[in-house]
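In: Whatever this is, show me its structure:
(one chain, ligands or ions: 1)
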Amino acid sequence: MKKKILTGDRPTGQLHLGHYVGSLQNRIKLQSSYDQYILVADLQALTDHFAHPEKVSQNIIEIAKDYLSVGIDPEQTTILIQSQIPEIAELTVYYLNLVTLGRLRRNPTIKYEMQQKGYNEAIPAGFFCYPVSQAADITLFQAELVPVGEDQLPMIEQTNEIVRRFNRLYHTETLKECKAVLSKTARLVGIDGKSKSSKSLGNAIALADPPEVIKQKVFQMYTDPDHIKASDPGRVEGNVVFAYLDAFHPDLEILADLKAHYRRGGLGDVVIKNMLNDRLQLLLAPIRAKRDSLDAKMVKEILHQGTVKAAQLAKETIKMVREAMGIQSF
Ligand code: TRP
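Out: Residues are numbered from 1 along each chain as shown. I've put the predicted structure just below:
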């Protein structure tokens, strides 16, 4: 039997190049050798969008289109909608007993997001506890691998702590520990060079961006502020264009020559930006074309089929969990 993979995204906006190099490429690569599940995490998205649930539901089809257009194959990968699997909520309730407030507070991702959103004591409990519900996502589908970006590592760690605690407490081996699958570029910087590429910060190139928007964003990229004339020596480190060339240019030798030339001086920003633009246009054109060919009805049917299949596995796991805990079922 193939090992299982589970991963997912919040449907709050378009997927972008950060998702592509951080996780989507791994999902595409792994789907033929594993039993892969991708969760459209609409419940998790509600933890910070509860005032605008329509924004979440509108994005479900969009995110599924992103998956299909990059090459996620519904014959090999099960795409499901989180809110349609009630066992996730049930498992979350059990797990909440196995986690302390102190431990949640120390979760680095939660810490960072709390700071970003300016929550103090007014943090919604649902948001604070989303790592627990993420542990339920992963373990309900018995996943052993989780292809994600670097920012999700604390979630994997938290999941494995819950797994060990559960198994020890109830003298069972019901739950499986999981491992993150990180990519070569686990974190893609935003076009502003300030932080990671993020839809909420508006510094990302979306997979569905039209050609002129891609070009415009490439030409906005932060380079080296001291590289004023083309003849000046330039810095490669911290230069967003080179960070993207590292992630998207396939030829290491050409790239090494380019960097040396830039450092020496004599290579203008316009030249490297044009190069990057060409690469990105080449990468994104077929993805955009595939996206345009997808019709919403077909995508809904794929989500429906995937969710029905996932529900079966969810039922099997929750039955084992209830048995391990000695919870009565009628
Ligand atoms: N937290 C992930 C994100 O913000 C989304 C997610 C929800 C997820 N459940 C998951 C990722 C389970 C991996 C596994 O992108």
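In: And this protein, what are its domain boundaries?
Out: According to automatic domain parsing, the chain comprises the domains 4-189+296-325, 211-291.
In: among those, which is nearest the ligand?
Out: domain 4-189+296-325 (3.7 Å; C-beta to the nearest ligand atom). Heads up, the C-betas are built off the backbone N, CA and C, glycines and all.
In: What is the end-to-end distance of that closest one?
Out: 24 Å (C-alpha to C-alpha, to the nearest Å).
In: Could I get the average pLDDT for it?
Out: Confidence over domain 4-189+296-325 (mean pLDDT, whole number) is 96.
In: Strands along this protein, start to end?
Out: 4-9, 35-40, 77-81, 145-147, 179-181 (DSSP state E).
In: can you list those strands in a markdown table and add distance to the ligand?
Out: Shown next, in a markdown table, are these (distance: least, C-beta to the nearest ligand atom, whole Å):
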| stretch | distance to the ligand |
| --- | --- |
| strand 4-9 | 4 |
| strand 35-40 | 6 |
| strand 77-81 | 11 |
| strand 145-147 | 5 |
| strand 179-181 | 9 |
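In: The ones you listed into TSV, with extra columns for distance to Leu153 and mean neighbour count?
Out: TSV is the format used below for the strands of the chain (distance: least, C-beta to C-beta, whole Å; neighbours: other C-beta atoms under 10 Å):
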stretch	distance to Leu153	mean neighbour count
strand 4-9	13	24
strand 35-40	18	25
strand 77-81	23	24
strand 145-147	10	23
strand 179-181	6	16
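In: Is it possible to get TSV of the ones you listed that adds distance to Ala206?
Out: Below are the strands of the chain laid out as TSV (distance: least, C-beta to C-beta, whole Å):
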stretch	distance to Ala206
strand 4-9	13
strand 35-40	17
strand 77-81	19
strand 145-147	20
strand 179-181	23
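In: Of all the ones you listed, which one is nearest Asn26?
Out: Nearest to Asn26, of all these, is strand 145-147, at 3.9 Å by C-beta to C-beta.
In: so what's the nearest residue to Asp224 once chain neighbours are set aside up against?
Out: Nearest residue to Asp224 in three dimensions, chain neighbours excluded: Arg235, at 4.2 Å (C-beta to C-beta, 6 or more residues apart in numbering). Arg235 is in contact with Asp224, Asp226, His227, Arg263, counting by C-beta atoms under 8 Å, 6 or more residues apart in numbering.
In: Pull out the buried members of these.
Out: Asp224, His227 (16 or more other C-beta atoms under 10 Å).
In: Okay, the nearest residue to His261 once chain neighbours are set aside and Lys29: tell me how far apart.
Out: Using C-beta to C-beta, 6+ apart and skipping the chain neighbours, the partner closest in space to His261 is Leu267 (4.6 Å). Computed as C-beta to C-beta, to the nearest Å, the Leu267 to Lys29 distance reads 33 Å.
In: So which of those two has more stuff around it?
Out: The neighbour count for Leu267 versus Lys29, taken as other C-beta atoms under 10 Å, is higher for Leu267 (20 against 14).
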